[in-house]
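J.: can you look at this prediction? I've put the sequence above it.
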Amino acid sequence: MSVGIVMLVHTALDRAEEVARHWTRGGCPVVIHVDKMVPRKTYDAFVARLSDTPMVLFSKRHRCEWGTWGLVAASQDASELLLEKFEEVRHVYLSSGSCLPLRPVEELVDYLEQRPRTDFIESATTADVPWTVGGLDQERFTMHFPFSWRKNRYLFDKLVEFQRAVGYKRRIPRGLIPHMGSQWWCLTRQTLTAILQDPEREKFDRYFRHVWIPDESYFQTLARLYSTNIESRSLTLSKFDFQGKPHIFYDDHLQLLRRSDCFVARKIWPEAARLYDAFLTDPNGAMSQQEPNPGKIDRIFAKAVDRRTRGRPGLFMQSRFPNLGWENGVTAGRYSVFQGFAELFQDFESWLARATGAQVHGHLYGPDCAEFSGGQTVINGALSNNARLRDANPRAFLTNLLWNTRGERQCFQYGPHDNPKINWHMSRDPNAQISVISGAWAVPLFKSNANFAEIRAEAAALQKIESKMLDELRSPDVKARVRIWTMAEFIEAPMEPLQVIIDEIGQKSLRRLSEAPRLEDLAGFGQFLQNLKNQGMHPYLMGDFPVDPAPRNLPGGHRKPYLIKK
Amino acid sequence: MGAWQSYRLRVQRKRWRIRAFRKRRDLRPVANRTADIAPSDILLFSTQRNEGVRLPWFLKYYRDMGVNHFFFVDNDSTDGSLDYLAKQPDVSVWTTQASYKRSRFGVDWLNWLALKYAHDHWALTVDPDELFLYPFCDTRPLRALTDWLDASSIKSFSAMLLDMYPKGRIDAQPYQVGQDPLEIASWFDAGNYTVEKNKQFGNLWIQGGPRARMFFQDKPKLAPALNKIPLVKWNRQYAYVSSTHNLLPRGLNQVYDEWGGEKASGILLHTKFLDTFAVKAEEELARNQHYGASREYIAYAEGVKDNPDLWCKWSEKYINWRQLEILGLMSKGNWA
């Protein structure tokens, strides 16, 4: 028999017992190290329970606190005992009490038999991999870490700061190049004895005793000195989350583990009875004879880490409420905001819906209600059109709408009548495409039948609001795609900007617009503006309009609507 | 947060604990089985009043989930629910005739019981009409979650209140004892929630759902809060402040990520809107023992009279927790 198992156990002893028996049934001797923190009584009972199997031995107990030397000392002692008592052992496999063999033991034995000189140990230099969590990569080899990170976080951090401040650096023993990797390895007797019987071991041990997390670097570094054939990967499937903590496997991972093709997985939840049953009582059941390939499982756990660190863009909820600027996407989807278009064109909304296939709303931030497309009072996600509900939190209204309608392009109208609080939020959103025809609010006034004094007051107010909105849209930290035309500029050649906007929305295949929205009849608009000026209210946002717009209109008595053709 | 504010919150926490200590005298034990509690047991805390019709399903639901021991404070029930609870082997129950309002809507009572019995236990505090959901709850018991939270050094777990309602009139389908209330109230609002931060306690303040949509349109800021932190690795120094919406020390309210990521979170399915609701609303209105001068119940009484159908075209029908996860109402975080 060529494989021996070292098992580091600190909790769930009954599961450890099951696994140990499983290994011995497959013919592999096992040396168990039980954490010194386990009470004497529990330990004795555990030893007594396993006394019927001569192939299970127990090594000297150390205190194994995470990130400390105890784990290395435990592995050393247990390996020495294993190599000494079971002379036929060629490979030593380091595992933990929460590891679960997935494939039949014979397969592992065969696999290692065919690779008698190969050491399976993940081992990489710190400079080349970004694995470390918490910033201590090279420094973990050049500082002292006498305090526990778990229990004395404050002293731990202070000492690190202090050593950094005074520029203290430990000397790395000559000949050692620090390597790191998964602490679960499988080494050959040759390599392992070379490490354990090294005349300089005393010196190395002394050095590593104060390295941070030595169990991830001691064997990984020393194996590089002696091994003739290192395969830098772990045979143990083990996934880590964003804090460097191992992911735990549960019953519902059974199918996933079956497909993983790995020899051993960690870490298993001790109460995952289905997993233990499936893999320990029916070892020949599921796994196929293939090269181990943990890649299949990677995706699901990589996604979990991504979910935890980056989240879903545009989502605001009970456990994701990013600070300003950390949203990773202020909203969930791209959207277009049109200011002044509905005022200038007679049937802009329906035209836009036809041209783009997007969902086109009216003034979502209108003073009376949110004008959802089709006059709905409630829309996706049961979002109400009530103005007070909306204005209680205008930003949430927008993010909710876009989250609820993910996958469908949203377009809506906006203007100086509407709730101005949302303008700034949209301006800093890269998903927003904001197109403004400044001064177009004057068209409805021009068409209205109100007294001129009222019109004048209204125009002054709207101009002031829109001017402020434009300032926000022109500020240096705007992230939205903003386009602003004065009204005069726009009606010179309306099709060109429209084509650009529609192309950018890009819902339908790129082709020239075949149909144009109908422009409002603007005859007399120049005179209207002039009247405002004469009253002392200078409208400037719409650009320069000649008092007499005759040249742009068709000569003759009857007026047709101004229709744009391309 | 400055030292002064930190000190003030500390004083406030002590005050709630002292208040809980004083309010212990309200409680008379009816069945005290707390000697059976093992060190690693998961405990559930609840107040109830005349919820007899809901209790059988409630107990079954949480027993199946893996709750080991139930704590009830019975507020002067008249429907025999106290006797029913006292007979259950895994329930300890206290009764009181004291004012619900003056115990700050039961918070003082539960703070006291938690202080006395829940130290170092995972404690789930829910109402009888709240059903807790967490990621993978269909395949993993509650202990899997608490073990994972322990391993991740997380002490509190958020679960937003999600109002469930039936399609049609609220009183159209009578609820039977022992029935799954989700068979009737199986609809919810998926995406009309607003989130703000409470600067003082650091918790999020969530509003929305059918109650805001139907009953609080004109005064949205008064709509009920939906943020809840029902699952806590309890320490006797802790205290709930306002229902389970927030607690002290303040760090326990940090159940959300502020740098773009998502922490794991669950949902409390709120099955208040059954046929029992109209009667309840009337009774509670008469008792005037609820939060904010019972304005919630006043609004309901009006709303329910006019149009008792909370359902709309865009209501979602509940399927399972994965659906709620996809809709962004809860999150797996990095639990996989």
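T.: Looks like it came in fine.
J.: helices of the stretch 201-336 of chain B, start to end?
T.: In the stretch 201-336 of chain B, the segments counted as helices under DSSP state H, counting those that start in this stretch are B:209-215, B:276-287, B:291-306, B:321-326.
J.: nearest to chain A, of the ones you listed?
T.: Closest to chain A of those, according to Cβ to the nearest Cβ: helix B:209-215, at 4.9 Å. For glycine as for every other residue, the C-beta is placed from the backbone atoms N, C-alpha and C.
J.: which residues touch the closest one?
T.: A:378, A:382, A:384, A:386, A:389, B:161-163, B:165, B:188-189, B:192-193, B:220, B:223-224, B:226, B:273, B:296, B:299-300, B:302-303, B:307, B:310, B:312 (Cβ atoms under 8 Å, 6 or more residues apart in numbering or on different chains).
J.: out of the helices of the stretch 201-336 of chain B, which gets the lowest mean score?
T.: Lowest mean pLDDT of the helices of the stretch 201-336 of chain B: helix B:291-306, a mean of 68.
J.: so how far is residue A:380 from the residue of the stretch 401-550 of chain A found nearest chain B?
T.: Relative to chain B, the nearest point of the stretch 401-550 of chain A is residue A:404 (3.9 Å; Cβ to the nearest Cβ). For residue A:404, the distance to residue A:380 (Cβ to Cβ, to the nearest Å) stands at 4 Å.
J.: residues that sit against both of these two, list them.
T.: Residues touching both residue A:404 and residue A:380 by Cβ under 8 Å, 6+ apart: residue B:191.
J.: for the stretch 401-550 of chain A, which residues are neighbours of chain B?
T.: Proximity of the stretch 401-550 of chain A to chain B (Cβ under 8 Å from any Cβ of the partner chain) is limited to residues A:403, A:404.
J.: how about 10 Å then?
T.: Contact residues, the stretch 401-550 of chain A versus chain B (Cβ under 10 Å from any Cβ of the partner chain): A:401, A:402, A:403, A:404, A:405, A:406.
J.: ranking those by neighbours, who comes first?
T.: Greatest neighbour count in these, by other Cβ atoms under 10 Å in any protein chain shown, goes to residue A:401: 27 neighbours.
J.: that residue: what secondary structure?
T.: For residue A:401, the assignment made with DSSP: H, G, I helix; E, B strand; the rest coil gives helix.
J.: grab the nearest non-local neighbour of it.
T.: Closest residue to residue A:401 apart from its sequence neighbours, by Cβ to Cβ, 6 or more residues apart in numbering or on different chains: residue A:383 at 6.0 Å.
J.: and for residue A:148?
T.: Among residues not flanking residue A:148 along the chain, residue A:65 sits closest, at 6.1 Å (Cβ to Cβ, 6+ apart).
J.: pretty sure the one you found contacts residue A:147?
T.: No - contact criterion Cβ atoms under 10 Å: residue A:65 and residue A:147 do not qualify, at 11.1 Å.
J.: tally up the residues packed near the residue in chain B positioned nearest to chain A, please.
T.: Scanning chain B for proximity to chain A using Cβ to the nearest Cβ identifies residue B:191 as nearest, at 2.4 Å. Look at residue B:191: counted by other Cβ under 10 Å, it has 24 neighbours.
J.: can you get me a residue count around whichever residue of chain A sits closest to chain B?
T.: Residue nearest to chain B within chain A: residue A:381 (2.4 Å; Cβ to the nearest Cβ). Residues near residue A:381, counting by other Cβ under 10 Å, number 22.
J.: make sure it is indeed in a helix.
T.: Yes - under three-state DSSP, residue A:381 sits within a helix.
J.: give me the nearest residue to it, chain neighbours excluded.
T.: Excluding its sequence neighbours, the residue lying closest to residue A:381 (Cβ to Cβ, 6+ apart) is residue B:191, at 2.4 Å.
J.: quick one: contacts for the spatially closest residue to residue B:180 that is not a sequence neighbour?
T.: Sequence neighbours aside, residue B:57 is the residue nearest to residue B:180 in space, at 6.3 Å (criterion: Cβ to Cβ, 6+ apart). By Cβ atoms under 10 Å, 6 or more residues apart in numbering or on different chains, the residues touching residue B:57 are B:128, B:131, B:175, B:176, B:177, B:178, B:179, B:180, B:181, B:182, B:271.
J.: list, one by one, the residues from the stretch 151-300 of chain A near chain B.
T.: Within the stretch 151-300 of chain A, the positions near chain B by Cβ under 10 Å from any Cβ are A:239, A:241-243, A:245-254, A:256, A:267, A:269-272, A:274, A:297, A:300.
J.: now the helices for the stretch 301-450 of chain A?
T.: For the stretch 301-450 of chain A, the helices defined by DSSP H, counting those that start in this stretch occupy A:341-344, A:348-356, A:387-392, A:394-404, A:421-427, A:442-447.
J.: just the helices of the stretch 201-336 of chain B: most buried one?
T.: Greatest average neighbour count among those goes to helix B:209-215 (a mean of 24), per mean count of other Cβ atoms under 10 Å in any protein chain shown.
J.: export that one as PDB, just CAs?
T.: The C-alpha coordinates for helix B:209-215 follow below in PDB (Å, rounded to 0.1, in the frame of the first residue of the first chain):
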ATOM      1  CA  GLY B 209     -44.900  47.100  -0.800                       C
ATOM      2  CA  PRO B 210     -48.700  46.900  -1.000                       C
ATOM      3  CA  ARG B 211     -49.200  48.800   2.200                       C
ATOM      4  CA  ALA B 212     -47.400  51.900   1.000                       C
ATOM      5  CA  ARG B 213     -48.900  51.500  -2.400                       C
ATOM      6  CA  MET B 214     -52.500  51.200  -1.200                       C
ATOM      7  CA  PHE B 215     -52.800  52.800   2.300                       C
END
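J.: what about the most centrally placed residue in chain B, distance to residue A:386?
T.: Residue closest to the average C-alpha location in chain B (Cα atoms, centre = their mean): residue B:126, at 3.6 Å. Distance, residue B:126 to residue A:386, by Cβ to Cβ: 31 Å.
J.: how about residue A:28?
T.: According to Cβ to Cβ, residue A:28 stands 69 Å off from residue A:386.
J.: also residue B:250?
T.: In terms of Cβ to Cβ, residue B:250 sits 34 Å off from residue A:386.
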